[in-house]
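quick one, structure for this:
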Amino acid sequence: MNWGTKIVLGMLAFMLFIVGMVVYMFHLHGRDALVEENYYEKGINYNAEYDAKQNVLIDDAKPQITITQSQIIIQTKASAKYNLVLMRPSNSMDDLKLKGSTSGSTNLILVDKTKMAKGMWFLNLQWHSRGKDYLYKNNITL
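Next up, the predicted model:
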């Protein structure tokens with residue numbers, strides 16, 4: 001085998017490597033929890049998100065979060081309609097999205113955690129109560 005053949009085989013191996021990396025990256029697209037799909041829209045709506053976070057501070061409406069053996073209990077100050085997103089940083093396929101309204105006179109949100117993986121989760125709770133929007137973000141560990 002002469003040096004010309006080795007150069008061609010080297011270039012071919014490098015091109016196969018690049019094509020393999022491109023296929024791998026397209027395969028991973030959409031499963032990365034750290035990439036936001038609609039980040040332009042989120043940037044435009046940032047003022048509403050900021051105001052909702054400020055409402056939590058101004059009204060002292062921070063939800064109380066209790067983690068038991070089988071569930072996550074979130075208690076809000078008043079009855080509300082909520083959107084709850086629990087995101088797993090290591091795998092976006094494990095993300096949990098819940099929507100509804102608080103239950104009972106104690107305004108509880110109950111989440112079954114028996115099928116959830118142990119480790120860190122991002123908690124993103126948006127709710128509407130008494131004519132105001134609220135947003136609370138926190139990290140929890142199961």
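
contact partners for residue 48?
Taking Cβ atoms under 8 Å, 6 or more residues apart in numbering, we find residue 48 in contact with residue 133. Glycine gets a C-beta too; all of them are placed from N, C-alpha and C.

tell me the SS of it?
Put simply, residue 48 is helix when judged by DSSP: H, G, I helix; E, B strand; the rest coil.

middle-most residue in the chain, spatially?
By Cα atoms, centre = their mean, the mean C-alpha position of the chain lies nearest to residue 87, the distance being 3.3 Å.

these two touch, right, it and residue 124?
Yes: under the contact definition of Cβ atoms under 8 Å, residue 87 touches residue 124, with a separation of 6.9 Å.

related to what we said a few turns ago, skipping adjacent residues, who's closest to the residue nearest to the centre of the chain in space?
residue 122 (4.2 Å; Cβ to Cβ, 6 or more residues apart in numbering).

what about the one you found, distance to residue 8?
49 Å (Cβ to Cβ, to the nearest Å).
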